[in-house]
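>>> got a predicted model here, sequence first, then my questions.
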Amino acid sequence: MASAIILLVLCLLIVTLCYIARCLISPWGICRRCAPGGKNRTCRACSGTGMRPRIGWQLYTHFRRLHRDGTR
């Protein structure tokens, strides 16, 4: 049982590190609201560009700004 838990934790760690690397390499993802039908100029989520920041990148910038504002 302990080996299964260790294996699951290891897999979770690998998936998390891969997602962090993907967010650092390419912080922009496809907008889910307007991507299936093409670029929608009235999309509020991406302002009509068809690209929006990934959740991981949004969290990274939030915590970076929080740290920056707290250490001033």
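Perfect, thanks for sending it.
>>> what's the first helix or strand after the longest helix seen in the chain?
Ranked by residue count under DSSP state H, the longest helix found in the chain is helix 2-25. Once helix 2-25 ends, the next helix or strand along the chain (criterion: DSSP states H and E) is strand 28-30.
>>> buried residues in the longest helix of the chain, which are they?
For helix 2-25, a neighbour-count test (16 or more other C-beta atoms under 10 Å) marks C23 as buried. Using the backbone N, CA and C atoms, a C-beta is placed for each residue, glycine as well.
>>> what of stretch 45-55?
Applying 16+ other C-beta under 10 Å to stretch 45-55 flags 46, 50, 52, 54 as buried.
>>> of all pairs in those residues, which one is the farthest apart?
G50 and R54 (14.2 Å; C-beta to C-beta).
>>> any regions of this structure where pLDDT drops low?
Low-confidence segments of the chain (pLDDT under 70): 35-41.
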